[in-house]
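Enquirer: output the structure for:
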Amino acid sequence: MIKLGTLKPSKGAKHKTKRLGRGNSSGHGSTSTKGNKGQIARSGGYHKVGFEGGQMPLQRRLPKFGFTNFARKEYTVVNLSRINTLPNDKEITPDLLVEFGVIKQSQKESLKILGTGSVDKAYNIKAHKFSDSAVKKLTKSGGKAEVIA
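Expert: Here you go, the predicted structure:
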């Protein structure tokens, strides 16, 4: 026998959340669970992130520091140890490095060669910038370092 007190929702059925401000008999009437008066009880009334009740917010109390150079030039760096794995019969250019998968297509606009590693073969390398140690190692091995304008 089914009784009113034994009824349950069927398996998987979702229980709706209570609607606020729909009378005292709903259980969430009157102040609609917002308490009495104050900023939070008002419609649209709440403070923004970082608001500390009129006290100077932390992000404004802390000192500013640092500098970002907007004219800074970012270079894609390639070490001589990586170039040493390439064949030396061709002139090493940014396009050739893209072809061999050393750098990406978007990185070939500004390339810097660093002197980490050793060079066994005489390479002719064209890049936008070279470190001093890279130039020394290239000339010592009989190669050339040519700067692209």
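Enquirer: next one: residue 54 from residue 46, what distance?
Expert: 15 Å (Cβ to Cβ, to the nearest Å). All C-beta spots, glycine's among them, are computed from the backbone N, C-alpha and C.
Enquirer: quick one: low-confidence residue ranges for the protein.
Expert: Applying pLDDT under 70 to the chain picks out no residues at all.
Enquirer: hmm, try it at 80
Expert: Applying pLDDT under 80 to the chain flags the ranges 14-18, 47.
Enquirer: where do the strands of it begin and end?
Expert: 76-79, 111-114, 124-127, 129-130, 144-147 (DSSP state E).
Enquirer: quick one: closest of those strands to residue 4.
Expert: strand 76-79 (75.3 Å; Cβ to Cβ).
Enquirer: just the residues contacting the closest one, thanks.
Expert: Contact partners of strand 76-79, identified using Cβ atoms under 8 Å, 6 or more residues apart in numbering, comprise 97, 102-103, 107-108, 110-117, 127.
Enquirer: drop anything exposed from the residues you listed.
Expert: 97, 102-103, 107-108, 111-115, 127 (16 or more other Cβ atoms under 10 Å).
Enquirer: longest helix in this structure, please.
Expert: Using DSSP state H, we find that the single longest helix of the chain is helix 132-140.
Enquirer: need the buried ones among the contacts of strand 76-79 in TSV with distance to residue 143, can you?
Expert: TSV is the format used below for these (distance: Cβ to Cβ, whole Å):
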residue	distance to residue 143
97	15
102	17
103	19
107	22
108	20
111	16
112	17
113	11
114	15
115	12
127	12
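Enquirer: which members of those residues are the farthest-apart pair?
Expert: Taking Cβ to Cβ, no two of the buried ones among the contacts of strand 76-79 sit farther apart than 108 and 115, at 20.3 Å.
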